[in-house]
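# give me a 3D structure for the following:
(2 chains)
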2 protein chains.
Amino acid sequence: MTTQRPDIEVGAVILAAGLGERMNHARVPKPLVRMGGISLLERTYRTLRLGGVRGTIVVVVGHRGDEIARFARDRYLDVKIVENPRYRHGNGTSVLAALPHLPERFVVAMADHVHTPASVGALLACRGDFVAAVDTQPAYADREEATHVRLRCGEVVAIGKGLEPYDALDTGLFVCSGPALQQLALGPQDELTWNAFKRLWLESDRMIEACDIRGAPWIDVDCSPDLRRALDVVMRSVGSGSEGFVSRHLNRKLSTPITRLMLTTPVNPDQVSAIAFLTAVGGAAAMLGNRWRLGAALVQLSSILDGCDGELARARLESSPRGAVFDATLDRLADGLVIAGMATGSGSERAHWAGYLALTGALLVPYTRAKMEAEFGEMPRKLTRFGVTRDVRLAALALGALVGRPLPTLVAVAVSSNIEVARRLGALSYSGEQED
Amino acid sequence: MTTQRPDIEVGAVILAAGLGERMNHARVPKPLVRMGGISLLERTYRTLRLGGVRGTIVVVVGHRGDEIARFARDRYLDVKIVENPRYRHGNGTSVLAALPHLPERFVVAMADHVHTPASVGALLACRGDFVAAVDTQPAYADREEATHVRLRCGEVVAIGKGLEPYDALDTGLFVCSGPALQQLALGPQDELTWNAFKRLWLESDRMIEACDIRGAPWIDVDCSPDLRRALDVVMRSVGSGSEGFVSRHLNRKLSTPITRLMLTTPVNPDQVSAIAFLTAVGGAAAMLGNRWRLGAALVQLSSILDGCDGELARARLESSPRGAVFDATLDRLADGLVIAGMATGSGSERAHWAGYLALTGALLVPYTRAKMEAEFGEMPRKLTRFGVTRDVRLAALALGALVGRPLPTLVAVAVSSNIEVARRLGALSYSGEQED
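Now for the predicted structure:
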């Protein structure tokens, strides 16, 4: 049954040849319509790559194919463009047109379906000759418009637009074995939709394995109103997953709408990091001049904006280690300046000592994490459970400034962050004793 | 010729059965004699493991075998003890006694030879059925006492204690294929030294490949005076390889003799890290009390001691990521306190601002490195060339304290370290533009 060899690089075909009739008022063909700052085609491409597709990605074009080919070339997309002159005869013909250019195993994706890399990853873990990603609990997709599938024991047994009753939706994402597909040996077909192909496959007593992505964010972009719902899907998956208390309960609620606005502009994540940094510098300057409330507001605003750069990068699927280092370094610089501004603004010698200790602690908490990740590959599990995160630290500094009590605030930051550093060092020595 | 499969874990046999006649005045059998803080047996064991030996390690014992077996058990050494009752008939019999317990490919090492993990690694990269590590440029070993080898085209063609002329020394380190060794099908032998085995191997028209470790630090510990020379060998290879200017030209010259002294004591690297930290705390306190010269002396002493923990760990072959994190974190804490002490001691408001900026910069230089290593796996090459290292920073702080000029010193540290941070951020953005 299984023809996959583990050392084969999986490829993909993106179907981008259709007429996109319900969106043909747009200036560009549907795969080039922008959603969340990037075109649907680039989004599909990045989703596949981030999901684990390492091999050749073929984009099959037909309707307005020249424009799509030019776009891909201009953006240096690492794809092979294949023209399908028969695209009007159904998108199944586009899959067949791509076959000679694909590696043995490949994903079939639609240029107008929005998925997450995690769903692609889940699909790639399946081994069958023909696997369909289905959704038994669709949250965003239009149940009526979508293709229905009936399941039995993890297999698709029937498929169709109006199929009733049905167990799940076809999410427009598949992984197939090329040699197995070719064994189907189709006779000449006038029309061949991809759905018709799947039915022929089932009728020949072959199996379509179902990979249930249960409730994962995905949507089929059919018409313009779908674009807004697609953005909801994208925003669902932009959290960093490692937020602190203040971030989860306050910052994130404000940063997400801001990110959503930013997504419609050409602003990039590095620029947002820089804006968040400059806002913190403004906060530090305000505190230095004893304008405590303004300082508090700017510091908290900076903390909120600090969530946006990562969200923006994740929404556009362009997170990078480079961006992470840039953002993290500016964050540390900002922390240093805010603490220095607060200590100097308070004007007492004791506040300076609290300031130095708070600054050292505030920089050592992320330093110990980065150093452990560099040395161990990751932070030891038991050290990630608690931790004084940056959102909490900045909220404490803002609150202290708001009530005009810099000294106790600095003392609190100094004590809490240095205790955390000591805890990490202690845990390190302890684990050393056990393991060495 | 080659029977090795790349997925086989290489094992090792350590020959520890001999009489060690020239050292039998010692209270313990020769493999348990301590050199540089650990026994020769543990040193051989760790050298093999650090050099890349992942499979079973067999220790063959004979003379005073019970003591060696008990020692290995008490230290939880991950080795298999094999007794060779015929050990008096030559160390070749010990290799044969180990054969049934070894994986297909294994290293043959002597308990009384000191090597570096790098030499083991070089040997493991060779593919022949019988490979000998030889040294064409021996720096430490006794040329007269050692076994001589004659080479031709990368092969050993003759071998013997008094062989003349000779091209290289036999370093007592080999990698062999077990099945190939068994094919030699030796008849009953009264005596079989390992050297005799090698000659029988050559006489049967088989090949011994030579792996030239040219000038690498190694020595054969025969008698007590050799122990001192062995320590030279060990100290040759304890540099971290990433020292700054002050470290190379001043600190290292003082730290190495200190480390050599420490090696004879039970002090461990973490304790040395702590001592270096406390010395820096003393320096910070002295500066705070305006005792600038004392402060300068303590800070520079701390910088020197900061080299000893790593040297000590490397000399005992017990470097660990855990120790590296512990040391690095204490270093950052020490830097914070010294800068705070200097700024507060100088008593001017401007010195405080210089202090905050110096502190932020001094912590961000190592932070950006750790963060890049965590995100990229390593620091981008072009960023490692220059760099304001800790030894230089502490020397500048000590010098500034010595001449009683805290403010200009802090300004210099603030400017140089923040320029370095800015340079790294700039290089990051630039590489981002090229690669993204």
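# surely A:Q182 meets A:L99?
Yes - assessed by C-beta atoms under 8 Å, A:Q182 is found in contact with A:L99 at 6.9 Å. To be clear about C-beta, it is placed using only N, CA and C from the backbone, and glycine gets the same treatment.
# now do the helices in the stretch 251-400 of chain A.
With helices called from DSSP state H, counting those that start in this stretch, the stretch 251-400 of chain A shows them at A:252-262, A:269-288, A:292-315, A:321-346, A:349-376, A:390-402.
# rewinding a little: neighbour count for A:Q182 and A:L99, which is higher?
Per other C-beta atoms under 10 Å in any protein chain shown, whichever of A:Q182 and A:L99 has more neighbours is A:L99, with 16 against 12.
# check contacts around the more buried one.
A:178, A:181-182 (C-beta atoms under 8 Å, 6 or more residues apart in numbering or on different chains).
# swap in A:P406?
A:287, A:292, A:342-343, A:345-346, A:351, A:400 are the contacts of A:P406 under C-beta under 8 Å, 6+ apart.
# OK, contacts around the residue lying closest to it once chain neighbours are set aside?
Of all residues not flanking A:P406 in the chain, A:S346 sits nearest, at 3.8 Å (C-beta to C-beta, 6 or more residues apart in numbering or on different chains). By C-beta under 8 Å, 6+ apart, A:S346 lies in contact with A:406-407, A:410.
# quick one, domains of chain A?
A:11-233, A:241-435 (automatic domain parsing).
# roughly how far apart are A:M372 and chain B?
According to C-beta to the nearest C-beta, to the nearest Å, A:M372 and chain B sit 6 Å apart.
# show me the contacts for A:L184.
By C-beta under 8 Å, 6+ apart, A:L184 lies in contact with A:200-201, A:204, A:206.
# 10 Å - rerun?
A:130, A:197, A:200-201, A:203-204, A:206 (C-beta atoms under 10 Å, 6 or more residues apart in numbering or on different chains).
# run the chain-centre distance for the longest strand along chain A.
With secondary structure taken from DSSP state E, chain A has its longest strand at strand A:168-177. Strand A:168-177 has its C-alpha centroid displaced from the chain centroid by 20 Å (C-alpha atoms, centre = their mean, to the nearest Å).
# now it: mean pLDDT?
Per-region confidence: strand A:168-177 scores 96 on mean pLDDT.
# next structured bit after that strand?
With elements assigned by DSSP states H and E, the helix or strand that comes after strand A:168-177 is helix A:178-183.
# what comes up buried for stretch A:115-122?
A:115-117, A:119-120, A:122 (16 or more other C-beta atoms under 10 Å in any protein chain shown).
# can you redo the residues you listed as a markdown table with secondary structure, pLDDT and distance to A:V267?
Formatted as a markdown table, those follow (DSSP: H, G, I helix; E, B strand; the rest coil; pLDDT from 0 to 100; distance: C-beta to C-beta, whole Å):
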| residue | secondary structure | pLDDT | distance to A:V267 |
| --- | --- | --- | --- |
| A:H115 | coil | 95 | 25 |
| A:T116 | coil | 93 | 23 |
| A:P117 | helix | 93 | 23 |
| A:S119 | helix | 95 | 28 |
| A:V120 | helix | 96 | 27 |
| A:A122 | helix | 96 | 32 |
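# now, which of those sits nearest chain B?
A:P117 (17.6 Å; C-beta to the nearest C-beta).
# wait, the closest one sits on A:L48?
Yes - assessed by C-beta atoms under 10 Å, A:P117 is found in contact with A:L48 at 8.1 Å.
# which stretches of the stretch 101-250 of chain A have low pLDDT?
Within the stretch 101-250 of chain A, the segments meeting pLDDT under 70 span A:185, A:187-188, A:240-242.
# which residue ranges form the strands in it?
Taking DSSP state E, counting those that start in this stretch as the test, the strands found in the stretch 101-250 of chain A are A:105-110, A:113-114, A:130-135, A:148-152, A:155-160, A:168-177, A:208-212, A:219-220.
# what's the closest of those to B:A72?
For B:A72, the closest of the strands of the stretch 101-250 of chain A is strand A:105-110, at 49.8 Å, according to C-beta to C-beta.
# thinking again about what came up before, restricted to helices, list the contacts of A:S346.
A:406-407, A:410 (DSSP state H).
# need those in CSV with distance to A:V272 and pLDDT, can you?
Below are the ones in helices among the contacts of A:S346 laid out as CSV (distance: C-beta to C-beta, whole Å; pLDDT from 0 to 100):
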residue, distance to A:V272, pLDDT
A:P406, 28, 94
A:L407, 33, 95
A:L410, 28, 97
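# and the residues you listed, which is closest to chain B?
Among the ones in helices among the contacts of A:S346, and counting by C-beta to the nearest C-beta, the member closest to chain B is A:L410, at 12.1 Å.
# wait, the closest one sits on A:T360?
No - applying C-beta under 10 Å, one finds A:L410 not in contact with A:T360, separated by 11.7 Å.
# mutual contacts of these two, please.
Contacts common to A:L410 and A:T360, judged by C-beta under 10 Å, 6+ apart, are A:I339.
# please tell me how far A:Q189 sits from chain B.
43 Å.
# residues contacting that residue?
A:86, A:89-90, A:92-93, A:96, A:196-197, A:200.
# from the stretch 151-300 of chain A, which residue is nearest to chain B?
Counting by C-beta to the nearest C-beta, the stretch 151-300 of chain A gets nearest chain B through A:D270, at 6.9 Å.
# doesn't B:L428 make contact with that residue?
Yes - contact criterion C-beta under 10 Å: A:D270 and B:L428 qualify, at 9.4 Å.
# now for these two: what residues contact both?
With C-beta under 10 Å, 6+ apart, A:D270 and B:L428 have common neighbours A:322-323, A:326.
# in the stretch 51-200 of chain A, which residue sits nearest chain B?
For the stretch 51-200 of chain A, C-beta to the nearest C-beta, closest residue to chain B: A:Y76, 10.1 Å.
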